[in-house]
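K.L.:
Take a look and give me a structure for this.
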Amino acid sequence: MPLVSDNQITGVLVKPLRTFRDERGFFREVVRDTDPFFNVKVGDVVAGSGEAFRQWSHSRMTHDVVKAWHYHHVQFYWWYLAIGQIETVLFDNRPESPSYKKRMVFKMGDAHIHGEDTLEVCVRIPPGVLHGLRVISAEAHLFYITSEIYSPNEEGRFPYDSELVGHLWGENPIVVENDRKHFVPTSTRKLIA
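P.N.:
From the prediction side, this is the model:
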């Protein structure tokens, strides 16, 4: 069941995860291909049918790393933070969307370690939604599934400090040159169905 909030962005789903803890650690199921959260139409293929899963990636980041603003014209993302804590920021940059220019800001990670204001979730991010993050903990490991294989011509960027979103990342963010650039993807943007 998606998390409901006043600033929900159309197409973004935040799935609370159930965690089963014992003296050995915990078990947490993240996503099934039959989960409605995972089933989205990508072209003529329904993601989750086993045909639209294209890539699974792992990003290890250190404290104060900021990755922003990225967006895609075609692919969906499913983010899961396995280790650490991040501030997640999503911004709807789709003019046709009912939630155009709305922003969602929340912390992801293990609430048992990082506190009740941290969500144990998996997040679905649709095409056209800008996404960024800042690592709050000493280290963070983000795992993400994409509905397409990475293509540099499909990933757009705005500088991490862009006035478009106007989000402040705190003092001394660690960014790479790509997160200071503006790039519009050359692929055709998928509009909201």
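
K.L.:
In contact with the spatially closest residue to I145 that is not a sequence neighbour, which residues are there?
P.N.:
Closest residue in space to I145, ignoring its immediate chain neighbours: W78 at 4.4 Å, by C-beta to C-beta, 6 or more residues apart in numbering. C-beta here means a position set from N, CA and C on the backbone, and glycine is covered the same way. Taking C-beta atoms under 8 Å, 6 or more residues apart in numbering, we find W78 in contact with V31, F38, C122, V123, R124, I125, Y144, I145, T146.

K.L.:
With respect to pLDDT, which of these ranks lowest?
P.N.:
The lowest pLDDT within the contacts of W78 belongs to F38, with 74.

K.L.:
wait, isn't it in contact with V31?
P.N.:
Yes - with contacts counted by C-beta atoms under 8 Å, F38 reaches V31, the gap being 5.1 Å.

K.L.:
ok, these two, which is more surrounded?
P.N.:
F38 (24 against 16; other C-beta atoms under 10 Å).

K.L.:
Pretty sure H58 sits in a strand.
P.N.:
Yes - counting by DSSP: H, G, I helix; E, B strand; the rest coil, H58 is found in a strand.
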